[in-house]
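Chemist: Generate a structure from the sequence data that follows.
(chains A and B)
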There are 2 protein chains.
Amino acid sequence: MVDDNVVFVGEKEVMNYVLAVPTQFNKGSEEGVVLKARGRAISRAVDAAEIVRNRFLTNLDILDITTGTEEVEREEGGTSNVSAIMITLGKK
Amino acid sequence: MVDDNVVFVGEKEVMNYVLAVPTQFNKGSEEGVVLKARGRAISRAVDAAEIVRNRFLTNLDILDITTGTEEVEREEGGTSNVSAIMITLGKK
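Modeler: From the prediction side, this is the model:
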C-alpha cells in the first residue's frame, strides 16, 4: 500500500489510507505524500485527501492534483485504458 | 446536467458527459468548461476529462483541479460530508 512517499489507494475502507499519510510523513517524506489511485478508487483517494486535511493533519494542504490514463491488461486478453489520479499532500 | 460553463457529472454513462464538453465550448465558454462531481461520480468525472483531452478535443488540457467537502442532507435526517471535484478544461 505504501512505496517511498506514495500511498496506493485501493478497495479498502478509506480510513486505512487516511492513517497511512501521517505514517509516511513520520518516515521523513518532507517533500510531501502522494495518494495514487486508479479507476473507481479515484473517489476514495479524494475522500482520503479531504479527510486528512480537514480532520487529521490540518497543517497539510493539497499542493497538486494530476490525472492520467494508464493501460492495463485485461484478464481475457488485450488492454483497457483506465484513469488515474495523483494527489500531493504537503505542508501549507 | 449543464449550467453556465459547468457540466455536472452523475450516474449516467461517461460519454454523456464527454459529449457535453464540446457543446459547452460551442456556446462560448471561452474561459473553460468545468466538470463537477460528488462522491462516487468523481471517478467518472476524471474519466470524462481524460477522454475529452486524449480523444475528442486534443487542443484542450486540464487547467486546474480542485477538491472540496460538501454537506448533504441524509434521507433519514442529519447531514453527511461528501467529497467533490472540479476539473477545469481549457485551451492549452
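Chemist: Using PDB, write out every CA atom in the helix or strand containing residue A:69.
Modeler: Residue A:69 is part of strand A:60-73, with elements assigned from DSSP states H and E. Below are the C-alpha coordinates for strand A:60-73, written out as PDB (Å, rounded to 0.1, in the frame of the first residue of the first chain):
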ATOM      1  CA  LEU A  60      -1.300  20.000   5.400                       C
ATOM      2  CA  ASP A  61      -3.000  21.000   2.200                       C
ATOM      3  CA  ILE A  62      -3.400  19.600  -1.300                       C
ATOM      4  CA  LEU A  63      -0.400  21.000  -3.200                       C
ATOM      5  CA  ASP A  64      -1.100  19.400  -6.600                       C
ATOM      6  CA  ILE A  65      -3.600  17.100  -8.300                       C
ATOM      7  CA  THR A  66      -2.800  15.500 -11.600                       C
ATOM      8  CA  THR A  67      -4.600  12.900 -13.700                       C
ATOM      9  CA  GLY A  68      -3.500  10.500 -16.400                       C
ATOM     10  CA  THR A  69      -4.600   7.500 -18.400                       C
ATOM     11  CA  GLU A  70      -2.800   4.100 -17.900                       C
ATOM     12  CA  GLU A  71      -3.100   1.000 -20.000                       C
ATOM     13  CA  VAL A  72      -3.900  -2.200 -18.100                       C
ATOM     14  CA  GLU A  73      -4.000  -5.800 -19.300                       C
END
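Chemist: For that strand, name the packing helices and strands.
Modeler: Judged by 3 or more CB pairs under 8 Å, 6 or more residues apart in numbering or on different chains; DSSP states H and E, the packing partners of strand A:60-73 are strand A:79-91, helix B:42-51, strand B:60-73. Just so you know, the C-beta spots here come from the backbone N, C-alpha and C atoms, and that holds for glycine as well.
Chemist: could you dump those to JSON lines with distance to residue B:87, mean neighbour count and mean pLDDT?
Modeler: Output for the helices and strands packed on strand A:60-73, formatted as JSON lines (distance: least, CB to CB, whole Å; neighbours: other CB atoms under 10 Å in any protein chain shown; pLDDT from 0 to 100):
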{"stretch": "strand A:79-91", "distance to residue B:87": "10", "mean neighbour count": "18", "mean pLDDT": "96"}
{"stretch": "helix B:42-51", "distance to residue B:87": "5", "mean neighbour count": "26", "mean pLDDT": "98"}
{"stretch": "strand B:60-73", "distance to residue B:87": "5", "mean neighbour count": "14", "mean pLDDT": "96"}
